[in-house]
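> Sequence and predicted structure are below.
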Amino acid sequence: MTTVVFIHGTGVREPRFTELYTRVAEGLGATAPRARLVPYYWGEEYGAALAADGASIPAAPGGTSRAPGDADETGDVDGADRWALLYADPTAELALAAAGAGRAVTAPGAEFPDERPRRLLAQLDDIAPELGPDLATHAAALARSPLLPPAAAALDADELAGLLARSLAAAVIGAALEADAPVLCTGAVRDTAVERIAEALGAAPAGTGRGPLLRALKGPALKVGSRIAVRRRRALTAAVHPAAGDILRYLARGADARRGLRELIARQPSPVVLLGHSLGGIMALDTLVLDPQPGVELLVTVGSQAPFLYETGALPSLTHPDPLPGHVPDWLNLYDARDLLGYVGAPLFPGRVTDVATDNGQPFPVAHSAYWDDPAVYRTIAARLP
């Protein structure tokens, strides 16, 4: 039986680690039932923490409403980038529809345009559980939105249902992203859920694709982000410091985390596979380079920055152009082209690394966490297990 040691990435703490580990165990169990998954939860003992409760963070600036570098960017937003905008503001498309509406005239005794969609929104329960919890909560908030009446007057039933479905999906995923959920759904799963929600809101199946309003979203919607970030620096730092801090702490003092991994490997029967996500992949590679592990027969990195750190001279164990030592086992590296934290290794280590491109259909940063919801990732790993 193969032992797979799972090494998590940056910023993961309980209870999110258990959630992440459970999802990986389910995905690997479905494709490699004979493999045994063993966790290496290094975040609690070796991860970063704000030891002085954020004393290093400057106070919020006063007076100015404009952050340095703000600019009125323009241009169409396409593909996954449109979803990135909706994750940031799930009502962006609804606002565009409302802004383009004229004064609606309703015949005496007739139903107002927003009455039916409000009723249908109130009936949404757990119709798309793969998106995550609280769909009904977001639907209730959308039903109360002052943007709904003018948007309903401006659009036909199919257009409105598709728009509302996208807004709800974006609200649920955006909330999970803000909560730092360790696993997020792929774009394909999201799109299927959007279709089901749209149909429940009255759309015909053929009317559930991307609407023209989403294509009209423009760059200026992005420009407010930096101003908000400056004013909410303490809250944002508190949210992201485990991830950023983990990287910095590992690069400065990673020996303890690597020692813990070596000790865990030594307790496992052969053959052993190291499966590392993000910083976990860097940790696994460094461990194998610095201290040969005869029982480890495969290294799997997912969304890892190890090749980039090597090329830039920041990888603790190896400096470019030094070759990968012969004692390092086969290396399978999975990356998503939209994941800006995933890099390729084959051009740097010819014949030693197998790069496999995946596509979970999500924009960054969701793409960096959506690997673990992608069945293709587990199939690829299972096919290479010793």
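Right, received. Where do you want to start?

> Surely L334 is in contact with V300?
Yes: using Cβ atoms under 8 Å as the test, L334 is close enough to V300 to be in contact (7.3 Å). (Glycine included, C-beta is placed from N, CA and C.)

> Can you pull the residues that touch both of the two?
Between them, L334 and V300 have I381 as joint contacts when contacts are counted by Cβ atoms under 8 Å, 6 or more residues apart in numbering.

> which of these two has more neighbours?
Neighbours were counted for L334 and for V300 using other Cβ atoms under 10 Å; V300 has more, 27 against 24.

> any idea how far that one is from V328?
13 Å (Cβ to Cβ, to the nearest Å).

> Next: L290.
From L290 over to V328 the distance is 10 Å, taken as Cβ to Cβ.

> When those two are compared, which one has more neighbours?
V328 (20 against 15).

> quick check, the more buried one in a strand?
No: with DSSP: H, G, I helix; E, B strand; the rest coil as the criterion, V328 is coil rather than part of a strand.

> That one touches T287, doesn't it?
No: between V328 and T287 there is no contact under Cβ under 8 Å: 10.1 Å.

> A266: neighbouring residues, count only.
10.

> ugh, typo on my part, it should be L340
Using other Cβ under 10 Å as the criterion, L340 is surrounded by 14 other residues.

> and what of A175?
By other Cβ under 10 Å, 18 other residues sit near A175.

> List the residues that contact it.
In this structure, A175 makes contact with G132, D134, H138, judged by Cβ under 8 Å, 6+ apart.

> From A200, how far out is the first one?
By that I understand G132. Separation of G132 from A200 (Cβ to Cβ) stands at 17 Å.

> which regions of this protein lie under the pLDDT threshold?
For the chain, applying pLDDT under 70 flags the ranges 57, 59-79, 100-112, 206-243.

> again, 80 this time
For the chain, the stretches flagged by pLDDT under 80 are 50-51, 53-54, 56-81, 100-114, 125-126, 132-133, 205-244.

> so what's A314 up against?
With contact set as Cβ under 8 Å, 6+ apart, A314 has these partners: L251.

> Pull up the gap between it and A25, please.
When A314 is compared with A25 (using Cβ to Cβ), they lie 32 Å apart.

> do the same with D355
Counting by Cβ to Cβ, the gap between D355 and A25 amounts to 25 Å.

> ditto for Q305
25 Å.

> Look at those two and report which has more neighbours.
Ranked by neighbour count (other Cβ under 10 Å), Q305 and A25 place Q305 first, with 22 against 16.

> For that one, give me the backbone phi and psi.
Note on Q305: backbone dihedrals following degrees, to the nearest 10 are phi -100, psi 10.

> ok, now P39?
phi -90, psi 140.

> Same check on V38?
Here is the backbone geometry of V38 (degrees, to the nearest 10): phi -120, psi 130.

> which residues does the nearest residue to it once chain neighbours are set aside bridge with?
Closest residue in space to V38, ignoring its immediate chain neighbours: V5 at 5.0 Å, by Cβ to Cβ, 6 or more residues apart in numbering. The bridge-partner assignment for V5, based on DSSP bridges, gives V38, L274.

> since we're on V5, how many residues are nearby?
Applying other Cβ under 10 Å, we find 21 other residues in the vicinity of V5.

> Could you do G351 as well?
Burial of G351 is recorded as 7 neighbouring residues (other Cβ under 10 Å).

> With G313 instead?
For G313, the number of neighbouring residues by other Cβ under 10 Å comes to 9.

> which SS state does the residue nearest to it when sequence neighbours are not counted fall under?
The spatial neighbour of G313 that comes closest, neighbours along the chain excluded (Cβ to Cβ, 6+ apart), is T319 at 5.6 Å. Recorded secondary structure, T319: coil (three-state DSSP).

> Test my guess that T319 contacts E311.
No: under the contact definition of Cβ under 8 Å, T319 does not touch E311, with a separation of 9.9 Å.

> Between these two, which has more neighbouring residues?
Ranked by neighbour count (other Cβ under 10 Å), T319 and E311 place E311 first, with 16 against 12.
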